[in-house]
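Visitor: Give me coordinates for this.
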Amino acid sequence: MPTVKKLIRFYSLKENFPEIGAILAPVLVEQFFVSLCSFVVGIVLGRVGQAEVAAYNLIENVNYLMMQIFLSIGTGTAVVVAQYRGRGDPEAAGEAAVQSLALTLAIAVACSALLLSLRRPIMAFILGEAELEVLDAGNLFFMLSIFSFPFLGVMNCSHNILRGSGHARSTMPMIMTVNVIHALLSWALVSFVGLGILGAGLSIIISRGYGAVSGVARVKKGNENLIITDIIPRSLDRPKLKIILFVGIPAAVEQILFHSGRLLTQTFAISFGTRALAAHSIANTYYNFINIPAMAMQQAIIPLVGKYVGMDEPKKAKQITGDCLLLCVALLAFVSLMVLVVLDPVISLFRQSAEVNSTLRLILLTCMPTTTVFMPFSFALPGALRAAGDIKMTTAVSVASMFLVRVSLAYVFTYYTPLGVLGIWVGMYADWVVRTFIFMARFISGKWLKRRLV
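Guide: Just a heads-up that it's a prediction; the model follows:
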């Protein structure tokens, strides 16, 4: 079995850094603004009350689930566009792009209609026996979020198309603008107009609407790797849709099951009261910020690996994957250290009770080192495997580990040990460890490079 030294070599990282950085840097900036926006909105609502911030963060988990579903379809698009780019076929890449946009819009509208019809049972599942104020705020924010999902789907698909074509930098100003609009509107509508969580919901609809329009306009312009003749497809291109769905559907199913499990574990915190729920919810906001490098690498690694798979250069695909993982660990360590330095002052921004702050601090002190060590291998690495067409294995492992490890252990640690709410996080860490060992074994074996998509 190859040693770690052979798999990840510093000289190759130096060689590949310009190419990785060209894709990763814009996505890092995008993820920073996404997390910063969520952080700002959480602070604004936290100053309104514990019920609002708890409801916001619980429903944001549903928003995140929907985002991951749309990103899964976008992942299929990014893989296909990147592989066509590697083959030097910009016309086929453009046709795959417009087919994916139409497909994503149809799926998003259908999801919104389904969620509206099932809103009450979904809210009962997510919020359970939460206090009345949390229930009222959560119901309102969830309904407003549903109306934004078609915009979210089209926006995410547009950005994945551009990343797959090698133009990740062009998505950066659009995402920055979307999140600045969301943060400023939320601040104004919540703090000055006094709309509370209604203001946060309205700002999501407006900002995502802008993001969808600007994203489609940028895709329509095309580039040297993406030639668009008509942004509205005249007919279905079944072969291209089949490839997109071959990657996208398993990833979407994985995300639905994965985040359903995540939502299930969130409900474990409800029985501990609003204070514990607030601490857990705020910790999720911090976690999203700390995890920025891993979330960015999940997206950046797909076009990087997909390009070399399309060029039929498996050794280069494996090498650049190792470099991406090493860089991701280094970035996560840096962010964790920066957060650790300012931990107490930042925690105080939410103006919560001493009990909430104590629980929050404990969660974050355990989260930072485990995120640094395990997140790159348990979440970014599967993106590389999918980019090569190794879909079934990554989906099966992710879903099985979620329910057999994360959900079951979180339940045991939360209710049958003194850990309380921290048990939810310990169960999550165990899930990361299991995924890391399995995906690293697959990566080292090289079997993931024997698949073909286009």
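Visitor: Cys367 and Ile290 touch, don't they?
Guide: Yes - using Cβ atoms under 8 Å, Cys367 is in contact with Ile290, at 6.8 Å. Every C-beta, even on glycine, is put in place using the N, C-alpha and C of the backbone.
Visitor: Would you state the strands of the stretch 251-400 of the chain in chain order?
Guide: Taking DSSP state E, counting those that start in this stretch as the criterion, the stretch 251-400 of the chain carries no strands.
Visitor: tell me the helices in it, going along the chain?
Guide: For the stretch 251-400 of the chain, helices defined by DSSP state H, counting those that start in this stretch occupy the ranges 274-290, 292-310, 314-341, 343-347, 354-375, 381-387, 391-401.
Visitor: quick one, which of these is nearest to Val219?
Guide: Evaluated over the helices of the stretch 251-400 of the chain, closeness to Val219 peaks at helix 292-310, with 14.9 Å, by Cβ to Cβ.
Visitor: for the closest one, the distance to its chain's centre please.
Guide: Averaging C-alpha positions (Cα atoms, centre = their mean, to the nearest Å) puts helix 292-310 13 Å from its chain's average.
Visitor: How about stretch 145-161?
Guide: That offset, for stretch 145-161, works out to 13 Å (Cα atoms, centre = their mean).
Visitor: Convert the C-alpha atoms of that stretch to PDB, please.
Guide: Provided in PDB are the C-alpha atoms of stretch 145-161 (Å, rounded to 0.1, in the frame of the first residue of the first chain):
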ATOM      1  CA  SER A 145     -37.800  29.900   2.400                       C
ATOM      2  CA  ILE A 146     -39.900  27.500   0.200                       C
ATOM      3  CA  PHE A 147     -40.800  30.300  -2.200                       C
ATOM      4  CA  SER A 148     -37.100  31.000  -2.700                       C
ATOM      5  CA  PHE A 149     -36.100  27.400  -3.700                       C
ATOM      6  CA  PRO A 150     -36.600  27.800  -7.500                       C
ATOM      7  CA  PHE A 151     -34.300  30.800  -7.500                       C
ATOM      8  CA  LEU A 152     -31.800  28.900  -5.300                       C
ATOM      9  CA  GLY A 153     -31.800  25.900  -7.700                       C
ATOM     10  CA  VAL A 154     -31.200  28.000 -10.800                       C
ATOM     11  CA  MET A 155     -28.500  30.100  -9.100                       C
ATOM     12  CA  ASN A 156     -26.600  27.100  -7.900                       C
ATOM     13  CA  CYS A 157     -26.800  25.300 -11.200                       C
ATOM     14  CA  SER A 158     -25.500  28.400 -13.000                       C
ATOM     15  CA  HIS A 159     -22.500  28.600 -10.700                       C
ATOM     16  CA  ASN A 160     -21.700  24.900 -11.100                       C
ATOM     17  CA  ILE A 161     -21.800  25.300 -14.900                       C
END
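Visitor: start at 46 instead
Guide: Renumbered: residue one is now 46, and that last one reads stretch 190-206.
Visitor: Pull out the buried positions in that stretch.
Guide: 190-206 (16 or more other Cβ atoms under 10 Å).
Visitor: So what's the model's average confidence on that stretch?
Guide: Per-residue confidence for stretch 190-206 averages out to 89 on the pLDDT scale.
Visitor: do the same with stretch 211-221
Guide: The average of the pLDDT scores along stretch 211-221 is 83.
Visitor: Not counting its neighbours along the chain, what's nearest Pro421?
Guide: Cys373 (3.9 Å; Cβ to Cβ, 6 or more residues apart in numbering).
Visitor: you'd agree the one you found is up against Met342?
Guide: Yes - Cys373 lies in contact with Met342 (Cβ under 8 Å); the separation is 4.5 Å.
Visitor: Residues in contact with both of these two, list them for me.
Guide: Overlap between the neighbourhoods of Cys373 and Met342 consists of 421, 425, taking contacts as Cβ atoms under 8 Å, 6 or more residues apart in numbering.
Visitor: The two: who's more crowded?
Guide: Neighbour count, other Cβ atoms under 10 Å: between Cys373 and Met342, Met342 has more, with 31 against 26.
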